[in-house]
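Student: got a structure for you, letters missing:
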């Protein structure tokens, strides 16, 4: 028994840790289930957003108010926003989920820059 436990621990520690990959979110209902009652956070830019089921977006970025509207269109999250008087143009984004803790939004229907938000 004395050698069995250390051998099991070595085997366990030697197994590769598999990171959960991001998976596309294609349906509005799936997206709503992920964001329901949650806040999206991107701490580096002090972004906190609520994406509400009724199509409203509310929150802040770098201490300034952020508002907007969104809709689900052909499998993409499409939004218009305003950052304290500065319009953020309409854009449709690919949404991907990593479990229920993280969402990644990639602009231009998945062809542009991406940002990953924690769900709290």
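Tutor: The structure has been received and is ready for your questions. These figures come from a predicted structure and were not determined experimentally.

Student: buried set for stretch 33-45?
Tutor: Using 16 or more other C-beta atoms under 10 Å as the test for burial, stretch 33-45 gives 34, 35, 38, 40, 41. Where C-beta positions appear, they are placed from N, C-alpha and C, glycine not excepted.

Student: ugh, wrong one, stretch 48-56
Tutor: Buried residues in stretch 48-56 (16+ other C-beta under 10 Å): 48, 49, 51.

Student: which residues in the chain form strands?
Tutor: Applying DSSP state E to the chain gives strands spanning 23-24, 40-42, 47-51, 56-61, 64-73, 76-83, 86-98, 102-106, 114-119.

Student: can I get those strands in a markdown table with distance to residue 30 and mean pLDDT?
Tutor: Below are these laid out as a markdown table (distance: least, C-beta to C-beta, whole Å; pLDDT from 0 to 100):
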| stretch | distance to residue 30 | mean pLDDT |
| --- | --- | --- |
| strand 23-24 | 10 | 98 |
| strand 40-42 | 16 | 97 |
| strand 47-51 | 13 | 98 |
| strand 56-61 | 18 | 98 |
| strand 64-73 | 10 | 98 |
| strand 76-83 | 11 | 98 |
| strand 86-98 | 8 | 97 |
| strand 102-106 | 11 | 98 |
| strand 114-119 | 13 | 97 |
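
Student: Return the member of the buried residues of stretch 48-56 nearest to residue 26.
Tutor: residue 51 (16.7 Å; C-beta to C-beta).

Student: what about the residue lying closest to residue 71 once chain neighbours are set aside, distance to residue 35?
Tutor: Nearest non-adjacent residue to residue 71, counting by C-beta to C-beta, 6 or more residues apart in numbering: residue 78, 5.5 Å away. Note on residue 78: its distance to residue 35, by C-beta to C-beta, to the nearest Å, is 15 Å.

Student: Next, count neighbours for residue 95.
Tutor: Per other C-beta atoms under 10 Å, the neighbour tally for residue 95 reads 21.

Student: isn't it right next to residue 76, touching?
Tutor: Yes: the criterion here is C-beta atoms under 8 Å, and residue 95 meets it with residue 76 at 7.4 Å.

Student: rewinding a little: for residue 26, state which of the buried residues of stretch 33-45 is nearest.
Tutor: Once C-beta to C-beta is applied, the member of the buried residues of stretch 33-45 that ends up nearest residue 26 is residue 34, at 12.3 Å.
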